[in-house]
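Novice: For reference, the sequence and a predicted model appear below.
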Amino acid sequence: MKLKNLVSKRYKETPADCVIASQALMMRGGYIKPVGNGIYTLFPATKRITSKIEKIIREEMDRIDGQELMFPVTMPASLWQESGRYESIGSELLRFTDRSGANMVLGMTHEEASVHFVRDVADSYTQYPFMIYQIQTKFRDEPRCRGGLIRVREFTMKDAYSFHTSQEDLERYYQVCYDAYNRIFARAGVGEVVAVASDSGMMGGKVSHEYMLLTPVGEDTIVLCHECDYRANMEAAPCIVGNVEAGEVADLAKVETPNVKTIEDLCAFLKVTAKQCCKAVVYQENLTDKYIVAFLRGDLDINETKLRNYVKAEIHPAEITAESGLCAGFIGPKGLPADVRVVYDSSLKGVNWFVTGANETDMHYTGFNIAREMGDVEYVDVAKAFDGGVCPVCGKPHIYTSRGIEVGNIFQLGTKYTESMGMTYVDQDGSLKHPIMGCYGIGVGRLAASVCEAHRDDYGPIWPISIAPWQVHLCSLRADNEEVAAMSQKIYDELTARGVEVIWDDRSVSAGVMFSDADLFGVPVRVVVSPKGLKNGTIEISARDKSMQEKKPVDEAVQFVYDYVVSELAKLDCRL
RNA sequence: CGAGGUGUAGCGCAGUUUGGUAGCGCGUUUGGUUCGGGACCAAAAGGUCGCAGGUUCAAAUCCUGUCACCUCGACCA
């Protein structure tokens, strides 16, 4: 492929509104163009990258006995009504009507479609287990898109669904997928992607992992341990405070705290630490508007996901009205309205002395002892894990947090969909049973963008050779020079004949333009043919990541490049 | 959905306060000189100033409405 014929354009200046580095480079390098909010055209170079990612995914899915198929993007609403998600999922699911007025949806995930398919064909235990997968367009009407391909509304995803006759078999296969995912990311050149325990969210099910690329620009917060390899999404991470500073037992006293509403003000006013405060966070159930007051230690933050899971309802931060009986800024456990649901965080357990609200304007209690004042209450973990917290695995207080981009996930779904959609098979003993499901996703475009985010310099992406749009970038400096033109053609022909992918730049432009464009292409191997080199009988060969730079005699150059490409590919378990 | 912001040539921007026939840089085309990290000279093409109303002799500029996009927040399998 000659670069001058490639349908693309590169820009010297960063387009407006780019927020993260990979997005800026992919816009400048002519990889993507926004069509609408969160909707992109992928240019030919990008499509070559995603196709290679897809090829790796296919190889690994097929290796664990996956069977590729294709579900539709558009589905009748009735399919989603069967599982109950037509009602339970919000406006993220794009709904529309067809010409006859029938309700339709655009697929954002395909559990329903997969159950719809297999319930007719997998009716005997002898057919299990099996896994089906597809690589296909998804549409999710995200409220807010971000960072180029990092968070979009329309995207390509590999989604897989496995079906089992026992929880044990699901767990066995889950581990197989876990390993396959690690191979996929390693082969795509981002071995730094790590699996973290996660919250299952709307997918249902219990055990799940997310594969995260750790980067400051990530949207998720990851909890890790310095001592051991514990890793979890903040949403799912337990908060363990460790040693409790119980404090002295003291009498309950009501004190005036005029206009002191925040923990910070309270600490300053009463000369106490945040740990000695019991703070209230107020939510409301989405459907009923019923108030939920969560109490936790003053230095901690609420983990909404854990709270949501505990109260088993969708919730949102409360609007505290005059009729609610709540006294914003002065809320405490004692004297709350009866219809308010109260949740005590584990961080409060065993502490004898708290400052907390008195449920009266400008009044707080000191010496508040939850066990004495409120009796035997249940403590649950609804706080966010924090730096220096206790690791739930090794027990050492070495928790820290980091940010990450979720590039894939795996879930043990259980029977949520097979039950709701009435899928059964006949077991060995003749009884009807619901298959147990797992599901496994990878966002292809997001992975490509994440690779760019992880592997780049100031001048452009540095694509791993396994997914690079081309393996070799051939630069003909002074292509008008007959010798240069002839040698370039020879190198291009020979490499291409041996299966190496070459992008060939034979434009009559200055070296600066040619090299800066090559940097933006991010192709791993660069071959430079120039009059200067040819005068010495050499060809320049270098790696985009600067790990290799050679001058080779003209008759050895092709073999050297070929060998180098093959060996670099082999390092990522890939072939020409 | 809440708050803020921006729409002017393919890209980046100025011009809007104070209304007067639309500009700069990059890119593109042609000719010439250059040639190892975004060269130079000369000429040229390219815009109903997001859209629709209104005010005015006159609107990119003022007013009203509307659409789109961006940022922060809410939200997020």
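Specialist: Now that the structure is in, tell me what you want to look at. Numbering: from 1, shown residues only, chains lettered A, B, ... in the order given.

Novice: Return the strand or helix carrying A:V355 as CSV; C-alpha atoms alone will do.
Specialist: Element membership of A:V355, judged by DSSP states H and E, is strand A:354-357. Output of strand A:354-357 as CSV, limited to C-alpha atoms (Å, rounded to 0.1, in the frame of the first residue of the first chain):
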residue,chain,number,x,y,z
PHE,A,354,-18.9,9.9,68.5
VAL,A,355,-19.9,13.4,67.5
THR,A,356,-23.1,13.1,65.5
GLY,A,357,-26.1,15.2,64.5
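
Novice: Give me the helices and strands touching whatever helix or strand comes next after that strand, please.
Specialist: Once strand A:354-357 ends, the next helix or strand along the chain (criterion: DSSP H and E) is strand A:363-368. For strand A:363-368, the contact count by 3 or more Cβ pairs under 8 Å, 6 or more residues apart in numbering; DSSP states H and E identifies strand A:253-256, helix A:263-270, strand A:354-357 as packing neighbours. The C-beta positions use only the backbone N, C-alpha and C, and glycine is treated the same way.

Novice: ok, now with 7 Å
Specialist: strand A:253-256, strand A:354-357 (3 or more Cβ pairs under 7 Å, 6 or more residues apart in numbering; DSSP states H and E).

Novice: Please tabulate the ones you listed in JSON lines and include distance to A:F96 and mean pLDDT as additional columns.
Specialist: Shown next, in JSON lines, are those (distance: least, Cβ to Cβ, whole Å; pLDDT from 0 to 100):
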{"stretch": "strand A:253-256", "distance to A:F96": "58", "mean pLDDT": "91"}
{"stretch": "strand A:354-357", "distance to A:F96": "48", "mean pLDDT": "92"}
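
Novice: Quick check: buried residues in the strand holding A:V355?
Specialist: By 16 or more other Cβ atoms under 10 Å, the buried positions in strand A:354-357 come out as A:354-357.

Novice: Show me which residues of the stretch 351-500 of chain A are close to RNA strand B?
Specialist: Neighbours of RNA strand B within the stretch 351-500 of chain A, by Cβ under 7 Å from any atom of the strand: A:409, A:411, A:441, A:443, A:459, A:477-478, A:480.

Novice: before we move on, back to that, closest to A:A385 among the buried residues of strand A:354-357?
Specialist: For the buried residues of strand A:354-357, the closest approach to A:A385 (Cβ to Cβ) belongs to A:F354, at 21.6 Å.

Novice: if I look at the closest one, how far off is A:S567?
Specialist: Distance, A:F354 to A:S567, using Cβ to Cβ, to the nearest Å: 65 Å.

Novice: about what we covered before: could you dump the helices and strands packed on strand A:363-368 to a markdown table with distance to A:G537?
Specialist: Formatted as a markdown table, these follow (distance: least, Cβ to Cβ, whole Å):
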| stretch | distance to A:G537 |
| --- | --- |
| strand A:253-256 | 90 |
| strand A:354-357 | 83 |
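
Novice: Show me which of the buried residues of strand A:354-357 is closest to RNA strand B.
Specialist: Using Cβ to the nearest atom of the strand, A:G357 comes nearest to RNA strand B of the buried residues of strand A:354-357, at 22.7 Å.

Novice: residues in contact with that closest one?
Specialist: Applying Cβ atoms under 7 Å, 6 or more residues apart in numbering to A:G357 gives the contacts A:280, A:330-332, A:364.

Novice: now swap in A:M487 and tell me
Specialist: A:M487 touches A:529, A:534, A:554, counting by Cβ under 7 Å, 6+ apart.

Novice: Surely A:Y31 touches A:A45?
Specialist: Yes. With contact defined as Cβ atoms under 7 Å, A:Y31 reaches A:A45; the gap is 5.9 Å.

Novice: These two: which has the busier surroundings?
Specialist: Remark: of A:Y31 and A:A45, A:Y31 carries more neighbours, 31 against 26, as counted by other Cβ atoms under 10 Å.

Novice: I am finished for the moment; much appreciated.
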